[in-house]
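Participant: sharing a model prediction with you, sequence too.
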Amino acid sequence: MSICYVVATPIGNIDDWSPRAIETLKSVDVIFAEDTRHSAKLMQLFNIQTPMRSLHDHNETDRIDEILNLLNDGQNCAIISDAGTPLISDPGFKVVRALREAMQTVIPIPGVSALITALSVSGIATDRFSFEGFLPAKSAGRKARMNDVRKDPRTLVFYESSHRILQMLEDAMAVFGEDRYAFIGREMTKRYESYLSESLKNLHDYYITHSDEQRGEYVVVIEGAKVEATESESIDLTELLTILLDELPLKQAVSIATKVTKLSKNHVYQAALAIQNNV
């Protein structure tokens, strides 16, 4: 049985690479790499002499038949990207889909992913998140994509490059608001790695005054939107407050209603005042 392995590579620190990944790349017949010149340096460090061929956005479709023929001939191959887990904002999806449809065996050799690495130390909810990858290069496109997820309650994760990080944060402030909480992991696992958690405005101000940190690769994690009350939830709030105010002082009724509905305290307080004043 021939196998195509999808092999994760380090995102920075080479000590993060697993022995299994290294041995797999030594054992296969061909490695398909996003950039063979870039990956050649990593292969040399671990004495991996397996032949490499390119697999990138511009030739991925053309590689499908080649990889299928290779597997049908009884050979094994591996897919790697420049850094991290292949197919996560990197080429490979079309190939893996085609191999699955052709009933070929595709096996993951897991490892580091910048997405999961950032989430794990962000201090922002990880139970539900949306990975948005790289945003469009121009501001109008970025804002349009951000607007699509502006009200999404899930944690949002973006990749960004050094020459656009300030512009990305400016657009994020315009769409999500300056006070939206966020986290940035820069150059993760590398020598000058840094991690910051602040409001979008404070993060933007930080990078404005620290030009030496406006370089490298970034993962931007933005807290999801607070769920807005629907019309039916407002009716429930009114009913709840009416019952509570019949039995409790205003302050206590507001406190309990805020905890139950998870709405803002000010919103609940104003609703309670309206009921008390028969507005």
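Facilitator: Arrived safely.
Participant: can you list contacts of the worst-scoring helix or strand of the chain on mean pLDDT?
Facilitator: Lowest on mean pLDDT, DSSP states H and E among the helices and strands of the chain sits helix 231-247, with a mean of 75. With CB atoms under 8 Å, 6 or more residues apart in numbering as the test, helix 231-247 has contacts from 229, 252-254, 256-257, 260-261, 263, 268, 271-272, 275-276. Where you see a C-beta, it was placed from the backbone N, CA and C, and this is true even at glycine.
Participant: quick one, strands of the stretch 101-250 of the chain?
Facilitator: Using DSSP state E, counting those that start in this stretch, the strands of the stretch 101-250 of the chain run over 105-109, 129-134, 155-161, 181-186, 194-199, 217-222.
Participant: so for the first one, mean pLDDT?
Facilitator: Averaged across strand 105-109, the pLDDT comes to 98.
Participant: same for that strand, what does it pack against?
Facilitator: Judged by 3 or more CB pairs under 8 Å, 6 or more residues apart in numbering; DSSP states H and E, the packing partners of strand 105-109 are strand 3-7, helix 19-27, helix 93-101.
Participant: one more pass at 10 Å, please.
Facilitator: strand 3-7, helix 19-27, strand 77-80, helix 93-101 (3 or more CB pairs under 10 Å, 6 or more residues apart in numbering; DSSP states H and E).
Participant: try the last one
Facilitator: Using 3+ CB pairs under 10 Å, 6+ apart as the contact criterion, the neighbours of strand 217-222 among helices and strands are helix 114-122, strand 129-134, strand 155-161, helix 165-176, strand 181-186, strand 194-199, helix 200-209.
Participant: okay, the last one in PDB with CA atoms only?
Facilitator: Read it as helix 200-209. Provided in PDB are the C-alpha atoms of helix 200-209 (Å, rounded to 0.1, in the frame of the first residue of the first chain):
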ATOM      1  CA  LEU A 200      -6.900  46.700  19.500                       C
ATOM      2  CA  LYS A 201      -6.100  50.300  20.000                       C
ATOM      3  CA  ASN A 202      -3.400  49.600  22.600                       C
ATOM      4  CA  LEU A 203      -1.900  47.000  20.400                       C
ATOM      5  CA  HIS A 204      -1.800  49.400  17.500                       C
ATOM      6  CA  ASP A 205      -0.200  52.100  19.600                       C
ATOM      7  CA  TYR A 206       2.400  49.600  20.900                       C
ATOM      8  CA  TYR A 207       3.600  48.700  17.400                       C
ATOM      9  CA  ILE A 208       3.600  52.400  16.400                       C
ATOM     10  CA  THR A 209       6.100  53.100  19.200                       C
END
